[in-house]
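**Q** fold the following.
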Amino acid sequence: MSKTIKISIQEYNQIHSLCEELGINPTIYDEIEKRLAGKLIFDLSHILIFKKALLKSGAITAPAPENYQRGGKYDL
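**A** Reported below is the predicted structural model:
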């Protein structure tokens, strides 16, 4: 079954670039809601700038993709 990616190519590329820098599998975010892509980009950028070492050491985890999908934590 194929996935439908709901975000723009620019957002998709930015998320994949940030994930690659952080060592996160970017495909886990392929099914996020379009209107929550900016929040995910912000969260990934924040981790890259301020918390990359914590992520690498396992002290924090990558943002959960279900939080950026319909019915997730940020879907208000």
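**Q** now Thr61: how far from Ile9?
**A** Remark: distance between Thr61 and Ile9 (CB to CB, to the nearest Å) = 27 Å. C-beta coordinates here come from the backbone N, C-alpha and C atoms, glycine included.
**Q** same check, this time on Ser57
**A** Counting by CB to CB, the separation of Ser57 from Ile9 is 33 Å.
**Q** also Pro26?
**A** Taken as CB to CB, the span from Pro26 to Ile9 is 14 Å.
**Q** who's more crowded, those two?
**A** Neighbours were counted for Pro26 and for Ile9 using other CB atoms under 10 Å; Pro26 has more, 16 against 8.
**Q** in what helix or strand does the closest residue to the more buried one other than its chain neighbours lie?
**A** Residue nearest to Pro26 in three dimensions, not counting chain neighbours: Cys19, with 3.6 Å by CB to CB, 6 or more residues apart in numbering. Per DSSP states H and E, Cys19 falls inside helix 9-22.
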